[in-house]
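# predicted model follows, preceded by the sequence.
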Amino acid sequence: MAESPKDKTSRRKNAVTESPKVNSQKDTTPQESPTETTSRTNMTLNQKTRDRAHSMATEDMPVCVICHDDFHEPKLLPCLHTFCKKCLQQLAQSGDNKEILCPECLDPQPITTDIEKLPDNTLIQHLNSIILASGKSSKKGGKSKKEKDINCSSCDKDIAAVCRCEDCKEFLCQPCVDSHKSMKALRGHSTITMKEWRKRRDAMAVKPQIAKFCSKHKGEEIGNYCVKCRKTACKDCADLEHSGPTHNCIPLEEAVQQSRQQIENALQNTRQAEAKFRGAWEIMDKRNSKLKETVDNLKKQIQDVMIREREEIAKREETFLEDLKTVDQEKRKEMNAFYDKLEANLEDFWAAQDLADSVLDLGEDYHVISLEKVLCERLDLLSSWRPSLPSEDLAEIDFVEEDDELESDHVESIVEEEVEEAEIWEMDGVIGGRGAGEGQFDWCRGVTVSLDGHCVVADWGNHRVQVFNKDRSFKCVLNTSKTMHGRLSMPHDAACLPDGRFIAIDKSKFVRVYDPDGKFLFRFETVCEDNIAKGEAVELSCVAVDRRSRVFVGDVKRNVVTVHYSDGLHIKTIPTVAPSHIAITSQDFVVVSCTQKQKVRVMNFDGKFAFQIDVYGDGEKLRPRGVGCDKDDNIYVVHKERGGEKSVHMYDDKGTYVACVATNLNEPYDVELSPDGRVVVSDDDTVKIFRQVCTT
């Protein structure tokens, strides 16, 4: 039965704010309404709680979801979900014997070996033994049974134990107690009755410590571990089966410590990867809010126009609103698909981390060793995952208005005669690639080039800004001094001062300044103290520097560009609509790219409108992103059409179209001109450089 939209919203919220629960049915939910979907903005991933595994040894002990009974010979799949061996064998027989569908996460799991060879979940086996010994049922709603007798673990006779030796950690029957006391070496051992032992166990939650003995050599305690064979061994096994140059036997305690360290390292890596998915969730919430705000603003604009036009525009109002509703529904449907993917990924992270935490917190040495391989394989796989986000266009709506502000001063772009574009520019080099190492990126955002040729890239996904030398080799990362105030989180853009200092902005309200070696110097805010006291919202989007070392900072939340001296002192504020990218010409004209209005506006230093650019090529609609200017004040604009062309185009200082600089890009974001005239473009996880080979 399909969930209602409201139920689905609640389920997604619970998946983030509470302990993760796996839904075994695929989602067939109808499209959610705008009101219901906006509840996601109130979610916080920090509210997610994990029930610790102490309750696993009581009435909340999980059962096999296939047979709904206690686990019998529990086996671990690669996805770290546990089922009875017999249940998995039946599931494999009903399939194609190549893979099975995990009943918990519904992911296909390849069967490369016999079910028998899948790793045992020794932690579940151990907890089951505790429950059986305490006489409690692991089934939900199960009633307590009469507690079973524990047999003597010192002899082979099937006799109930009457006491327990605290030194040997053995359960003893009466004959063994007599023998125990008669031996001179064991007379000093402390024994307690079974009644007293059970009382201690129930009152202090003491887990029974069962000595681990070799199954091949009776009475020999396991004290070694063969690294080559990944098996535990007693002294006889170590001497007979695991000796020689091909084996490497180490003490069990050392092996346990190594395995514990491996799990802890892998767990730490997955937590770092999970943080990126948390960040991706926050971005989705932000874009969802932006989409709602855009819809609300457009709705108000449409309704205002309809009120002014009265009956004459009544039908057009209905048409506009219906079209907007359709676009809104389509975009929300696509956005929900990304939410669902992120939710599934986070549930995988939480499931693996919970089991790893349980092994580290509750597992004994044997459990740590036996589960280390399968846990680390899964945790390492999760650590390599990267969140997938939709294009920023998803939170924007291309809605053409008949009237626009400042249209009276509009100078239309003139498309000149068609030129042979393919022979003008060519690729000159590429910097970077996907990764987190030096010279690698996780989604490049703003890019800039200093007067001495240093290329500076905002590495958004890796929370840093990287600097490269003129020969494109790695130089440094901003904030080399590792100060708290110099730390960046999801940086959007960067700029260079003529004296060699660097400037960076991120999702915070601060503009940060660094010296030529990347050392943090200071930071400043773009909002005056009076506005700070009023709690005015700030969202810095872009930054640029002019020839006089003045710093221009765009704020899409306040719809302004603020101008500052290089020490942060405020000079003036220029009103403009949603400045997402900015560049400054040598004549102090401010070039602002507005992705919301899908136009590039050019104004003087006083904010007076000069002209705008909204077409390219043969008059096709421009979808602008980053902007840049060369020494001759030619303007370069990144064009990014969702599902279509992604390129860079060149205009002269009057906004007249000149040529196409680059095409067939992946996910271009920003463009900058180097002192030697090369065009530098941030494109997905790389920075691409183009040079002019001929002129027309």
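That came through fine. Here the structure is a predicted model, which means the values were calculated and not measured.

# show me where pLDDT drops low in this protein?
Low-confidence segments of the chain (pLDDT under 70): 1-61, 95-98, 111-113, 128-148, 202-212, 219, 398-423, 529-535, 694-696.

# centre-most residue in it?
residue 277 (1.9 Å; CA atoms, centre = their mean).

# is it true that that residue lies in a strand?
No: counting by DSSP: H, G, I helix; E, B strand; the rest coil, residue 277 is not found in a strand; it is helix.

# can you tell me the SS state at the closest residue to it other than its chain neighbours?
Leaving out its chain neighbours, the residue that sits closest to residue 277 by CB to CB, 6 or more residues apart in numbering is residue 387, at 4.8 Å. No exception for glycine: its C-beta is placed from N, CA and C like everyone else's. Assigned state for residue 387: coil (three-state reduction, three-state DSSP).

# and residue 387, how far from residue 338?
9 Å (CB to CB, to the nearest Å).

# give me the distance between the residue in the chain sticking out farthest from the centre and residue 297.
What lies farthest from the middle of the chain is residue 182; by CA atoms, centre = their mean that is 64.4 Å. Distance of residue 182 to residue 297, given as CB to CB: 91 Å.

# likewise residue 482?
42 Å.

# who has more neighbours out of the two?
residue 297 (13 against 10; other CB atoms under 10 Å).

# which SS state does the more buried one fall under?
helix.

# got it, and residue 390?
Relying on three-state DSSP, one would call residue 390 coil.

# how many neighbours does it have?
Residues within reach of residue 390, counting by other CB under 10 Å, total 16.

# what does residue 296 give?
If you count neighbours by other CB under 10 Å, residue 296 ends up with 11.

# go on, residue 659?
Residue 659, neighbours per other CB under 10 Å, totals 20.

# give me phi/psi at the nearest residue to residue 493 once chain neighbours are set aside?
Nearest non-adjacent residue to residue 493, counting by CB to CB, 6+ apart: residue 446, 3.0 Å away. Torsion angles at residue 446 (phi, psi; degrees, to the nearest 10) stand at phi -70, psi 150.

# now do the one 4 residues further on
Residue 450 has phi and psi values of phi -80, psi 170 when expressed as degrees, to the nearest 10.

# over to residue 551?
Dihedral angles (degrees, to the nearest 10) for residue 551: phi -100, psi 120.

# how close does it sit to residue 88?
In terms of CB to CB, residue 551 sits 63 Å off from residue 88.

# who does residue 232 form a beta bridge with?
residue 225 (DSSP bridges).

# let me fix that: residue 75
Assigned bridge partners for residue 75, using DSSP bridges, are residue 83, residue 120.

# okay, helices next: where are they in the stretch 301-450 of the chain?
For the stretch 301-450 of the chain, the helices defined by DSSP state H, counting those that start in this stretch cover 314-362, 365-383.

# the inter-axis angle of the longest one versus helix 365-383?
Angle of helix 314-362 versus helix 365-383, following axes from the mean of the first three to the mean of the last three CA atoms, to 10 degrees, is 150 degrees.

# quick one, what contacts residue 458?
Listed by CB atoms under 8 Å, 6 or more residues apart in numbering, the contact set of residue 458 reads 444-447, 465, 491-494, 504, 682.

# scratch that, residue 237 is what I was asking about
Contacts of residue 237 by CB under 8 Å, 6+ apart are 214, 216-217, 220, 224.

# which pair in these has the greatest spatial separation?
216 and 224 (13.1 Å; CB to CB).

# how about the backbone phi and psi for residue 167?
phi -90, psi -40.

# same question, the one 3 residues further on
With angles defined as degrees, to the nearest 10, residue 170 shows backbone torsions of phi -120, psi 150.

# quick check: bridge partners of it?
Bridge pairing for residue 170 - DSSP bridges - gives residue 165.

# surely it touches residue 151?
No: look at residue 170 against residue 151 with CB atoms under 8 Å: they stay out of range, at 11.4 Å.

# neighbour count winner among those two?
Taking neighbours as other CB under 10 Å, residue 170 and residue 151 compare with residue 170 leading, 21 against 15.

# quick check: the gap between that one and residue 574.
According to CB to CB, residue 170 and residue 574 sit 83 Å apart.

# cool, residue 643 as well?
34 Å.

# can you map out the strands along the stretch 151-300 of the chain?
Under the criterion DSSP state E, counting those that start in this stretch, the stretch 151-300 of the chain contains strands at 163-165, 170-172, 191-193, 224-226, 231-233, 249-251.

# of these, which is nearest residue 114?
The nearest among those, by CB to CB, is strand 231-233 at 18.3 Å.

# and that closest one, what does it pack onto?
Secondary-structure packing of strand 231-233 (3 or more CB pairs under 8 Å, 6 or more residues apart in numbering; DSSP states H and E): strand 224-226.

# so how far is the strand it packs on off the chain centroid?
Centroid separation for strand 224-226 versus its chain: 38 Å, with CA atoms, centre = their mean, to the nearest Å.

# could we number from 13 for the rest of this?
Happy to do that; since the first residue is 13 now, the last one works out to strand 236-238.

# residue 88 and residue 129 touch, don't they?
No: in this structure, residue 88 is not within contact of residue 129 by CB under 8 Å, at 11.4 Å.

# of these two, which one has the most company?
residue 88 (22 against 9).

# do you know how far the more buried one is from residue 242?
For residue 88, the distance to residue 242 - CB to CB - is 15 Å.

# please report the number of neighbouring residues for the residue lying closest to residue 596 once chain neighbours are set aside.
The spatial neighbour of residue 596 that comes closest, neighbours along the chain excluded (CB to CB, 6+ apart), is residue 558 at 4.1 Å. Look at residue 558: counted by other CB under 10 Å, it has 20 neighbours.

# also residue 521?
Neighbours of residue 521 (other CB under 10 Å): 19.

# can you check residue 572 too?
20.

# hmm, back to that, would you turn the helices of the stretch 313-462 of the chain into CSV with distance to residue 463 and mean neighbour count?
Putting the helices of the stretch 313-462 of the chain into CSV (distance: least, CB to CB, whole Å; neighbours: other CB atoms under 10 Å) gives the following:
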stretch, distance to residue 463, mean neighbour count
helix 326-374, 41, 17
helix 377-395, 40, 20
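
# residue 170 is nearest to which of these?
helix 377-395 (24.8 Å).

# and the closest one, what does it pack against?
helix 134-146, helix 264-321, helix 326-374.

# change it to 10 Å
strand 86-88, helix 134-146, strand 243-245, helix 264-321, helix 326-374 (3 or more CB pairs under 10 Å, 6 or more residues apart in numbering; DSSP states H and E).

# go ahead and confirm residue 245 touches residue 259.
Yes: between residue 245 and residue 259 there is a contact at 9.4 Å, judged by CB atoms under 10 Å.

# pull up the overlap in contacts between those two.
238, 253 (CB atoms under 10 Å, 6 or more residues apart in numbering).

# with neighbour numbers in mind, choose between the two.
Neighbour count, other CB under 10 Å: between residue 245 and residue 259, residue 245 has more, with 25 against 15.

# OK, contacts around that one?
226, 228-229, 232, 234-238, 251-255, 259, 261, 264.

# what about it, distance to residue 129?
For residue 245 relative to residue 129 (CB to CB), the value is 20 Å.
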